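A.B. asks: sequence and predicted structure, then a few things I'm wondering about:
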Amino acid sequence: MPFKGGPEVLNEVLAQRLDLIIDVPILLSEHIKSGTVRPLAVTTRERARDLPNVTTVAEVGPADFDVRGWMGLVAPAGVPEGTLRRLQDEVSSILADVSVATRFAGLGVAAKTSSGADLQALLHTDLNRWGRVIADARIERI
């Protein structure tokens, strides 16, 4: 079933119309803590720091399974380099703040900064990886 995003899928799971959701910790953490959903496994290679008793997919399935969600901050093409550098410096400073890092950690998010080139490389890698999965599984594009 096609959905517009994680919150829509989560609502279906909470209403017991769907049995399973795979999504980022920030969406699920409060529901895990309250007991309205039960974590079955994490998709990262290592166990989640805040869910140490929850197995990884790699422990019970393919040993090389490692899927991580990520978010990136982007700006329109043509923004001056100096502006981009200042934006990156400001975001880095915010993410280095202990209260911000603690809040993110409480949501199951490991916040970190990287360069625009690093983000571009990650995007390229993920597009290739998931493009192959879609092609190999013969998943119809919608």
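C.D. replies: Yep, it's here.
A.B. asks: any idea how many residues pack against residue 101?
C.D. replies: Burial of residue 101 is recorded as 16 neighbouring residues (other C-beta atoms under 10 Å). For the C-beta atoms, the positions are set from N, CA and C on the backbone; glycine is no exception.
A.B. asks: that one: which element?
C.D. replies: For residue 101, the element it lies in under DSSP states H and E is helix 98-106.
A.B. asks: list the buried residues of that helix.
C.D. replies: By 16 or more other C-beta atoms under 10 Å, the buried positions in helix 98-106 come out as 101, 104.
A.B. asks: next SSE downstream of it?
C.D. replies: Beyond helix 98-106 in the direction of the C-terminus, DSSP H and E gives the next helix or strand as helix 116-136.
A.B. asks: so how far is that next one from its chain's centroid?
C.D. replies: Counting by C-alpha atoms, centre = their mean, to the nearest Å, helix 116-136 is centred 14 Å from the centre of its parent chain.
A.B. asks: what mean pLDDT does that helix have?
C.D. replies: If you average the pLDDT over helix 116-136, you get 94.
A.B. asks: just say helix, strand or coil for residue 75.
C.D. replies: Of the three states, residue 75 takes coil according to DSSP: H, G, I helix; E, B strand; the rest coil.
A.B. asks: tell me how far it lies from residue 120.
C.D. replies: Distance of residue 75 to residue 120, computed by C-beta to C-beta, to the nearest Å: 13 Å.
A.B. asks: any idea how far residue 133 is from residue 1?
C.D. replies: Applying C-beta to C-beta, the value for residue 1 to residue 133 is 19 Å.
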